[in-house]
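Asker: Sharing a sequence plus its predicted fold:
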Amino acid sequence: ESKKANNFIQNLIEENIASGEHSGQVVTRFPPEPNGYLHIGHAKSILLNFGIATTFDGVCTLRFDDTNPEKESQEYIDAISRDVRWLGCEWEGDIRFASDYFDDLYAFAEELIQNGDAYVCELDAEQMAEYRGTLTEPGKNSPYRDRPAEENLRLFRQMKAGDHPDGAMVLRAKIDMASSNINMRDPILYRIRRATHHQTGDKWCIYPMYDFTHPISDALEGVTHSLCTLEFEDHRPLYDWVIDHISAPCKPRQIEFARLNLNYTITSKRKLLRLVEEGHVEAWDDPRMPTISGLRRRGVTPESLQMFCDMVGVSKAGGTVDVGMLEHAIREDLNARAPRAMCVMDPVKVTLTNYPEGEREVLTLPVHPQNPELGTRDVAWTRTLYIDRNDFAEEPPRKWKRLAPDQAVRLRGGYVMTCREAIYDDDGRLVELRCEYDPNTLGVNPEGYKPNGVLHWVSAEESAEVDIYQYDRLFKAEFPDADKSVDFTDNLNPESLVVIRGARAEANLLEAQTELPYQFEREGYFFLDPQHSMGERPAFNRTVTLRDSWGK
Ligand code: ATP
Ligand code: MG
Ligand code: MG
């Protein structure tokens, strides 16, 4: 059965195969720089690269693009690998590092020098910028451009040996200082940087630049289709130049697609790092962060991220996606699968005056009403219960579908009860509702009257005290970093976290299985957070509310 192409990259590869331009295995790669945690934008790139490999029965590698040792760390390598795996993606072979190829890269650089395609330049940064020219003005040749190959080789070897201080000279490609593409105006290939590298230690004091490293790493790994975001479109001529000027084992093809941008969200590792460093959030995996680890801790599933990325699609056209679409995908997935439970956020005591003291019964409720195969759960029914303070009104507004004096409601999965008395303390705060339950209403409608709605509830004696971390958007501005006259942190939403202490949940939640969030009926989806839990007292992160406004 033929697989149906669903994005332009897949179409393109199918055409390549049909025309014979491509033969053999399709190889893609995901190439993160280990300078931060992955965010939702990276999820798009991961699912695309691994998805393309799967579609064509090919493979995808995971390669750390580690040419900036000062900004990189093992912590980031570990976090990124964990996140990729959590998304369900299995890379081919071992994890790779661009630094694995430092010896090869060095050899290819010497090859360029020997062929007269690279030279050592001693212009300082300021002069370099001046010689580079502008968009409207061509650059001019460096006075070092015509050095003989032997001299370039000698100097480059000295650079490698540590004979020159940082910044004293660089290796540049000899291409065209008049090119309309500034990336082609003799770009830097290597610079001197005395920095300890997380993989190679102090072996090197020169490090290759991204534009040199990337195409060669791709070629060494046999990557056939090198997918990257649109900002690299202008780098493609350089990518191809490098491949064409070295004895590359194969010729990978770079294809660009649009980055994922979400409103109310920042997707830049540099800015996310600031949120962590300045303490605006708990950590990289704060559930408000758009990082994969933050989304996971919040209760978002890999399946909903896949669904979301499928909805967004892959194209050359940029634009901003509504974060409501992400929330929609999360709800779609969780609604179908999340176990149900009841949790009362703001408990007020209900006494069933006609229920015998000391007695209890166990009600059997489905874990998921549409999925009987998920089984049942036991919920205790006792003389004292809790319902939510918001579910009672002394003077109900019109169309009130909850409890009010002398009104009856059904308690979900339990009996119908009628409110007979509301008791207030001296400050006028409701402290207790005295109700009568109707013993003939378990699973059947009462005779002669109609309940005014269905409420969630828990037993007072047999429920668990839990804390609820209620999240809202981290930023109050739709485009938090659009206005350059203010710092993006000024657009943080001060109410992005509200902690509710002492909510009451079904006792069976103490054995909460943590794979999926719960749907707390009438409230939303909530995911156990071991980091926020205190001893026996669980804490739940609100993943998302129930109300879906996307597309409406
Ligand atoms: P950031 O600006 O957040 O640091 P980056 O592009 O520098 O992102 P890398 O670690 O280099 O981060 O990214 C690895 C891969 O993920 C690259 O191929 C990059 O193009 C892709 N990627 C990064 N951000 C996005 C995004 N918002 N949407 C889609 N792909 C992305
Ligand atoms: Mg990058
Ligand atoms: Mg970056």
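Answerer: Nice, I can see it. Values in this document were obtained by computation on a predicted structure and should not be read as measured data. Ligands and ions are numbered 1, 2, ... in the order given.
Asker: Quick one: residues contacting the closest residue to L87 other than its chain neighbours.
Answerer: Computed as Cβ to Cβ, 6 or more residues apart in numbering, the closest residue to L87 that is not its neighbour in sequence is P302, at 5.0 Å. Where you see a C-beta, it was placed from the backbone N, CA and C, and this is true even at glycine. By Cβ atoms under 8 Å, 6 or more residues apart in numbering, the contact set of P302 is 86-88.
Asker: Most neighbours among the residues you listed, which one?
Answerer: L87 (20 neighbours; other Cβ atoms under 10 Å).
Asker: pretty sure it is touching S304, no?
Answerer: No - L87 lies out of contact with S304 (Cβ atoms under 8 Å); the separation is 11.2 Å.
Asker: Return the set of buried residues in stretch 149-166.
Answerer: 149, 152-153, 155-156, 159-160, 164 (16 or more other Cβ atoms under 10 Å).
Asker: just how off-centre is it within its chain?
Answerer: 43 Å (Cα atoms, centre = their mean, to the nearest Å).
Asker: just stretch 171-188 next, same as before
Answerer: Chain-centre distance of stretch 171-188: 36 Å, with Cα atoms, centre = their mean.
Asker: what's around D94, how many residues?
Answerer: So D94, with other Cβ under 10 Å, has 9 neighbours.
Asker: What of R274?
Answerer: 15.
Asker: would it count as being in a helix?
Answerer: Yes - judged by DSSP: H, G, I helix; E, B strand; the rest coil, R274 forms part of a helix.
Asker: Minimum distance to ligand 1, which residue of the protein gives it?
Answerer: G41 (2.1 Å; Cβ to the nearest ligand atom).
Asker: ok, then the element right after the helix or strand of the chain with the lowest mean pLDDT?
Answerer: Here the helix or strand of the chain ranked lowest by mean pLDDT, DSSP states H and E is helix 8-18, holding a mean of 94. Sequence-wise, the next helix or strand downstream of helix 8-18 (DSSP states H and E) is strand 27-30.
Asker: for that following strand, packing partners?
Answerer: helix 40-55, strand 59-64, strand 225-229 (3 or more Cβ pairs under 8 Å, 6 or more residues apart in numbering; DSSP states H and E).
Asker: Export the helix or strand that the last one is followed by to PDB, keeping only CA atoms.
Answerer: I take that to be strand 225-229. Next in sequence after strand 225-229, counting helices and strands by DSSP H and E, comes helix 236-245. Output in PDB follows, covering the C-alpha atoms of helix 236-245 (Å, rounded to 0.1, in the frame of the first residue of the first chain):
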ATOM      1  CA  ARG A 236      22.500  26.600   1.500                       C
ATOM      2  CA  PRO A 237      25.000  27.900  -1.200                       C
ATOM      3  CA  LEU A 238      27.700  27.700   1.400                       C
ATOM      4  CA  TYR A 239      26.500  24.200   2.500                       C
ATOM      5  CA  ASP A 240      26.800  23.100  -1.100                       C
ATOM      6  CA  TRP A 241      30.100  24.900  -1.600                       C
ATOM      7  CA  VAL A 242      31.700  23.000   1.300                       C
ATOM      8  CA  ILE A 243      30.400  19.600   0.000                       C
ATOM      9  CA  ASP A 244      31.600  20.400  -3.500                       C
ATOM     10  CA  HIS A 245      35.100  21.500  -2.400                       C
END
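Asker: Now do helix 236-245: everything it contacts.
Answerer: Here helix 236-245 has contacts from 112, 115, 117, 173, 175, 181, 183-184, 187, 211-212, 214-216, 219, 226, 232, 251-252, 254, 256, using Cβ under 8 Å, 6+ apart.
Asker: Report the buried residues of it.
Answerer: 236-239, 241-243, 245.
Asker: Any chance of a markdown table for the residues you listed, columns distance to ligand 1 and pLDDT?
Answerer: As requested, those are arranged in a markdown table below (distance: Cβ to the nearest ligand atom, whole Å; pLDDT from 0 to 100):
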| residue | distance to ligand 1 | pLDDT |
| --- | --- | --- |
| R236 | 13 | 98 |
| P237 | 18 | 98 |
| L238 | 16 | 98 |
| Y239 | 13 | 98 |
| W241 | 20 | 98 |
| V242 | 17 | 98 |
| I243 | 18 | 98 |
| H245 | 23 | 98 |
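Asker: Spell out which helix or strand contains H328, please.
Answerer: According to DSSP H and E, H328 maps onto helix 323-337.
Asker: pLDDT below threshold where in the stretch 51-200 of the chain?
Answerer: For the stretch 51-200 of the chain, applying pLDDT under 70 flags no range at all.
Asker: How about the residues of it by ligand 1?
Answerer: When proximity is defined as Cβ under 6 Å from any ligand atom, the stretch 51-200 of the chain approaches ligand 1 at D65.
Asker: Once you drop chain neighbours, what's closest to N16?
Answerer: Closest to N16 by Cβ to Cβ, 6+ apart is H22, at 3.8 Å.
Asker: And for E110?
Answerer: Nearest residue to E110, sequence neighbours excluded (Cβ to Cβ, 6+ apart): L153, at 6.5 Å.
Asker: Now do the SS call for that neighbour.
Answerer: helix.
Asker: in what helix or strand does T213 lie?
Answerer: helix 210-220.
Asker: Just want the angle from that helix to helix 236-245.
Answerer: Interaxial angle, helix 210-220 versus helix 236-245 (axes from the mean of the first three to the mean of the last three Cα atoms, to 10 degrees): 50 degrees.
Asker: Counting neighbours, which bits of helix 210-220 end up buried?
Answerer: 211-220.
Asker: can you check stretch 178-185 too?
Answerer: 179, 183-185.
Asker: cool, stretch 385-404 as well?
Answerer: Applying 16+ other Cβ under 10 Å to stretch 385-404 flags 385-388, 391-392, 402-404 as buried.
Asker: would TSV of those residues with distance to R194 be doable?
Answerer: Shown next, in TSV, are those (distance: Cβ to Cβ, whole Å):
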residue	distance to R194
L385	69
Y386	64
I387	67
D388	62
D391	66
F392	70
R402	69
L403	72
A404	75
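Asker: For the residues you listed, give me TSV that also has distance to N6, pLDDT and secondary structure.
Answerer: As requested, the buried residues of stretch 385-404 are exported to TSV (distance: Cβ to Cβ, whole Å; pLDDT from 0 to 100; DSSP: H, G, I helix; E, B strand; the rest coil):
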residue	distance to N6	pLDDT	secondary structure
L385	50	98	strand
Y386	49	98	strand
I387	47	98	strand
D388	44	98	strand
D391	45	98	helix
F392	50	98	strand
R402	45	98	coil
L403	50	98	strand
A404	52	98	coil
